[in-house]
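1. pasting the structure only:
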């Protein structure tokens, strides 16, 4: 399991949603329901960021499903997960989008020290919240990137419908629907 990094400058939910929306704009997928995450990583992101690449490795070469390298910018992923994502498997698609979130959100922290020790987390992070966790930030970005508030709101009573439409796991669809009901998204062109 990957060790988490906690940052003292966590972003709020609306900031993460705005970042995800801006990247949907950059990739010209503003009105796309089901994001083609493979095309984004293989073709669209390298056009915007020429030094970026995807590295698919044999499953035996990695313990985790995927990881992000900030320098050089890359997403390293198990072959089975990559193939599964290419075939539309929701969990694998979410894994790739989560790693994209790390790449976008955490570039400036490539040399940041972890705040945990061999005996567990240090006391000085006990007051930090989930929005200060890079893992939670990447997952929140991913939810907004794969199922933005307007899309989630269209399926406000149908998590299975959102799961199919966006190609994300049902549990993530349920969370996306819940997030779309928050006050800060009333400015995100939601039908009300």
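-> It's in. Since we're looking at a predicted model, the values are computed, not measured. Numbering: from 1, shown residues only.
2. For the protein, which segments count as strands?
-> 53-57, 66-69, 74-78, 116-117, 120-121 (DSSP state E).
3. Residue 178 is nearest to which of the ones you listed?
-> strand 66-69 (25.6 Å; Cβ to Cβ). In short, each C-beta sits where N, CA and C put it, glycine included.
4. list the buried ones in that closest one?
-> Across strand 66-69, burial judged by 16 or more other Cβ atoms under 10 Å covers 66, 67, 68, 69.
5. Let's see the pLDDT reported for the last one.
-> With respect to pLDDT, residue 69 scores 88.
6. now swap in residue 63 and tell me
-> Reported pLDDT for residue 63: 89.
7. Please tell me how far it sits from residue 76.
-> Distance of residue 63 to residue 76, computed by Cβ to Cβ, to the nearest Å: 12 Å.
8. When these two are compared, which one has more neighbours?
-> residue 76 (17 against 10; other Cβ atoms under 10 Å).
9. from memory residue 35 sits against residue 100, does it?
-> No: under the criterion of Cβ atoms under 8 Å, residue 35 is not in contact with residue 100, lying 9.8 Å apart.
10. Those two: which has the busier surroundings?
-> Shown here are residue 35 and residue 100; by other Cβ under 10 Å, residue 100 has more neighbours (26 against 22).
11. so where's the protein uncertain?
-> 1-10, 108-132, 183-192 (pLDDT under 70).
12. quick one, helices of it?
-> For the chain, the helices defined by DSSP state H occupy 13-26, 37-39, 45-48, 79-86, 90-105, 134-146, 149-154, 159-166, 170-180.
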